[in-house]
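# 3D, please:
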Amino acid sequence: MRTQRFLTLACACVAIGMATMATAAVRLDRLYLLGDEDGSGFSPVSPPGTVAELGAKDLVQPDPTFGGSYDSDPFASSGTNTYIDLLTPQALDLTNSLTSSPTYVNVASRPSVPGESGVVGVRFVGSSQQYLSAGALGSPYPKSKALGDPSISVSSSADDGIGSPGTGVKDYSGIRSRGIQFWVMPEAVAAGDQSIISDSNAHGVRIEDGLWTMRYNGVDYASDRDSLAAPTNGEWYHVMQVADRDSNNSVLYVDGNAVALATGNYSFSPGEGFDTLLLGAGDTDTDGTREDFFTGTLDDVKMFVWGTSEATSTNYGTFDLFADNDFIADALSASAGAADVNADGVIDYSNAAGSDLNAFLDGWGTRNRVNGVIVADLSTRLSGDIDLNGKVDLLDLYEINQANSAAGAALLAAIGGGTAVPEPSTIVLGSLALLVVGVARRR
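So this is what the prediction gives:
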């Protein structure tokens, strides 16, 4: 077909070396369903109710003192991982002088994705006793229970970083890439600095000055994504933070869209009292004192790792944002393929409002910059970023044409401003000129 030949020639000059998307599966390390535990030895009360003692475990078996687990990691329940339970300040306080606690609430109104069926979450009210902790300074429980650097975490059987064998059962030697995703509904965005989740005081998700903020390597990075930067009270959000050791960066995603990004290695020094996992609060960087208490509701916290271990070459998977981010995977679940730009399940290259043609033309030439770095996310994919590099350009037109030649021809005609298909040399020069002289727009 003449159109197919010309478009393929036009894109061949930029298609060499294009990355192939792979289906990925990260390894779940911890799962906190926050009230919907099943089969882990913990039976939640019917909401609303006080979260009294959320449970504690050894490596596999429940500690009867606290009545069960608050980590529903299926690998742990099968005896192949380490339970890392969350406790209230009351459960950790040996003097029983604390009187307040987070509460269970019904979260049936929040959005859901396939595989989620629970209706219980945990609400915090921004006070000094309103948080959950995987360990506490001065408590009889191990203090360093952040996932932090997985290779020296409590889940790892490798050296713990301070000269002792690891207490976990997984070979995480050399595994340093990790992530977390969860649902959250803030209730007091303007109340000041708040730590939603703190995975050691060097890594976490926060709200500062009313903006989504990512803490990475001890530095806070506020969102610069304009309309996406500020959460709204009473609204549910899906949040993911990933730290990729291979690319040496960390990205914060809200509802599938990147809102903050930082580069550089992640440093983690175990053995300090402030190296724990906290929900609803943060740590100081000196003595582990709790601070920056969160007001709002959390649900379904998942923590995961990926990579290949050094000691036994155990493969814990690879990370693919578009497969592993629950919100994105659900948003793209109806997609009919590369030519379905808006992922609605219908390939439509008419001039109708909401068509794939118009979605691509609206995105054509854009670059998605977050904190100065070009990054792909759900918004870029739905704008025509088919090769998932944060840009909508000839590479994406090539991908669409490979999937559907009629769609490729329609896009080329629209980009050229007419209906006729020009000669190959005109396609190449004209398309490249558009990219060079100003069609490119920055979000």
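# who does V122 bridge with?
Note on V122: beta-bridge partners by DSSP bridges are Y104, L298.
# who's in contact with it?
V122 is in contact with 34-35, 51, 102-105, 132, 279-280, 297-299, counting by C-beta atoms under 8 Å, 6 or more residues apart in numbering. Bear in mind the C-beta positions are built from the backbone N, C-alpha and C, glycine included.
# over to Y237?
Y237 neighbours (C-beta under 8 Å, 6+ apart): 183-186, 231, 254-255.
# likewise G390?
Taking C-beta under 8 Å, 6+ apart as the test, what G390 contacts is 367-368, 374-377, 380.
# now, which of those residues lie within helices?
Among the contacts of G390, DSSP state H puts T380 in helices.
# in strands only, show me the contacts of G390.
Using DSSP state E, the members of those that fall in strands are 367, 374.
# possible to save the contacts of G390 as CSV with distance to V392?
Putting the contacts of G390 into CSV (distance: C-beta to C-beta, whole Å) gives the following:
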residue, distance to V392
R367, 8
N368, 9
I374, 11
V375, 13
A376, 10
D377, 13
T380, 7
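# so what's the residue count around T318?
17 (other C-beta atoms under 10 Å).
# helix/strand/coil for it?
Using DSSP: H, G, I helix; E, B strand; the rest coil, the structure places T318 in coil.
# you'd agree it is up against W306?
Yes - T318 sits in contact with W306 when judged by C-beta atoms under 8 Å, with a separation of 5.6 Å.
# tell me which residues of stretch 173-189 are tucked away?
Neighbour-count burial for stretch 173-189 flags 173, 175-187, 189 (criterion: 16 or more other C-beta atoms under 10 Å).
# nearest to A311 among these?
Among those, S173 lies closest to A311 (C-beta to C-beta), at 4.3 Å.
# which ones are touching the closest one?
Taking C-beta under 8 Å, 6+ apart, we find S173 in contact with 151, 156, 158, 309-312.
# now list the buried members of these.
Burial by neighbour count, judged by 16+ other C-beta under 10 Å, picks out 151, 156, 158, 309 from the contacts of S173.
# would you say the first one is within a helix?
In other words, S151. Yes - judged by three-state DSSP, S151 forms part of a helix.
# confidence score at it?
Confidence at S151, expressed as pLDDT, is 86.
# ok, it to I197 distance?
21 Å (C-beta to C-beta, to the nearest Å).
# quick one on the thing from earlier: now for the contacts of G390, which pair is the farthest apart?
So, the contacts of G390 by C-beta to C-beta: farthest apart are R367 and D377, at 12.5 Å.
# tell me the contacts of the residue lying closest to D299 once chain neighbours are set aside?
Residue nearest to D299 in three dimensions, not counting chain neighbours: G121, with 3.6 Å by C-beta to C-beta, 6 or more residues apart in numbering. G121 sits next to 34-35, 104-107, 110, 183, 297-300 when contact means C-beta under 8 Å, 6+ apart.
# quick one: which of those residues has the lowest pLDDT value?
G35 (70).
# so it is in which element?
Following DSSP states H and E, there is no helix or strand that holds G35.
# which strand or helix spans F327?
helix 326-331.
# over to M214. Which of the three states is it?
Per three-state DSSP, the secondary structure class of M214 is strand.
# N401 too?
From three-state DSSP, the assignment for N401 is helix.
# and what of the one 5 residues further on?
Taking three-state DSSP as the rule, one finds A406 in the helix state.
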